[in-house]
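Visitor: this one's sequence-less:
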């Protein structure tokens, strides 16, 4: 399965053959050396719930509400700086970032396929987003970043590292959330992929995940999973 296919799969794979779906090799095994796809082993059961993009301001506010309602919840957001909603939610998220409950990562400025850019263009995408994060959250988010679509190779890794982004964070599990995706599909994928040690990718681009929040929270409780940020799991890398 290619990376885009892994990102887009819905609940159908779960309903047809859940055991096989969990056992098959996934995109986590296809990315180049140097990419982070899983959490390190730990004595507690934990998962990293990571959220990309943010093109839906309404959805972003719902994530803020969820965090306010569940002080035990910890999340990592990979900011797409061209999405205007981040400016609006930054005042509410910034205190959570400062406390460490929320981590902010770099998802580029304009969401291109980095493999199709020159080295200088790759660096500009990351640095433009970096400056946005500095201005609106008051932090230096380096060294973590997430390449759009999971499109990454050794050249992208080196170009990013040359400007301080040495830790590409990928995933091994997806909510397959997005515009036009039913909340039931998100719930089905959460059931499949919210497992101990996983980094799971979500998207704040529609209300598909917010409508599934109650189920996702119940699933975390049922499975005895705590949520961690990337920094919680890896320190400063």
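Guide: Looks like it came in fine. No experiment lies behind these values; they were computed from the predicted model shown. Residues are numbered from 1 along each chain as shown.
Visitor: List the pairing partners of the strand ranked longest in the chain within its sheet, with orientation.
Guide: The longest strand of the chain (DSSP state E) is strand 46-53. Strand pairing for strand 46-53, using DSSP bridges, gives strand 75-79 (parallel), strand 199-203 (parallel), strand 226-227 (parallel).
Visitor: Quick check: what element follows it along the chain?
Guide: Note on strand 46-53: by DSSP states H and E, the next helix or strand toward the C-terminus is helix 57-69.
Visitor: for the record, mean pLDDT for that following helix?
Guide: The predicted model assigns helix 57-69 a mean pLDDT of 98.
Visitor: now the angle between strand 199-203 and that helix, please.
Guide: Here helix 57-69 runs at an angle of 130 degrees relative to strand 199-203 (axes from the mean of the first three to the mean of the last three CA atoms, to 10 degrees).
Visitor: Which other helices and strands does helix 57-69 contact?
Guide: In terms of contacts (3 or more CB pairs under 8 Å, 6 or more residues apart in numbering; DSSP states H and E), helix 57-69 is packed against strand 75-79, helix 85-99, helix 213-222. All C-beta spots, glycine's among them, are computed from the backbone N, C-alpha and C.
Visitor: now do 10 Å
Guide: Here helix 57-69 touches strand 46-53, strand 75-79, helix 85-99, strand 102-106, strand 199-203, helix 213-222, going by 3 or more CB pairs under 10 Å, 6 or more residues apart in numbering; DSSP states H and E.
Visitor: For residue 171, which of those is the nearest?
Guide: Across these, the minimum distance to residue 171, taken as CB to CB, is reached by strand 199-203, at 4.1 Å.
Visitor: Now for residue 157: which residues touch it?
Guide: Neighbour list for residue 157: 31, 32, 33, 34, 35, 114, 122, 147, 165, 166, 167, 168 [criterion: CB atoms under 10 Å, 6 or more residues apart in numbering].
Visitor: hang on, residue 93 packs against residue 86?
Guide: Yes. At 8.4 Å, residue 93 counts as touching residue 86 under the criterion of CB atoms under 10 Å.
Visitor: Now the common contact residues for those two.
Guide: Joint contacts of residue 93 and residue 86 (CB under 10 Å, 6+ apart) are 60, 77, 79, 104, 136, 137.
Visitor: partner residues bridging residue 168?
Guide: Applying DSSP bridges, one finds that residue 168 bridges with residue 145.
Visitor: bridging residues for the spatially most central residue of the chain?
Guide: Against the mean C-alpha coordinate of the chain, by CA atoms, centre = their mean, the closest residue is residue 50 at 3.0 Å. Beta bridges link residue 50 to residue 76, residue 201, judged by DSSP bridges.
Visitor: That one and residue 33: what is the separation?
Guide: 21 Å (CB to CB, to the nearest Å).
Visitor: repeat for residue 183
Guide: Residue 183 is 36 Å from residue 33, by CB to CB.
Visitor: if you count what's nearby, which of these two comes out ahead?
Guide: Legend: neighbour count by other CB atoms under 10 Å for residue 183 and residue 33, higher for residue 183 (17 against 6).
Visitor: From residue 128, how far out is the closest residue to the more buried one other than its chain neighbours?
Guide: Spatial nearest neighbour of residue 183, excluding adjacent residues (CB to CB, 6 or more residues apart in numbering): residue 211 at 3.8 Å. Between residue 211 and residue 128 the computed distance is 32 Å (CB to CB).
Visitor: re earlier: let me know the pLDDT of the residue nearest to the centre of the chain.
Guide: pLDDT at residue 50 comes out at 98.
Visitor: Kindly report the same for residue 8.
Guide: If you check residue 8, the pLDDT there is 42.
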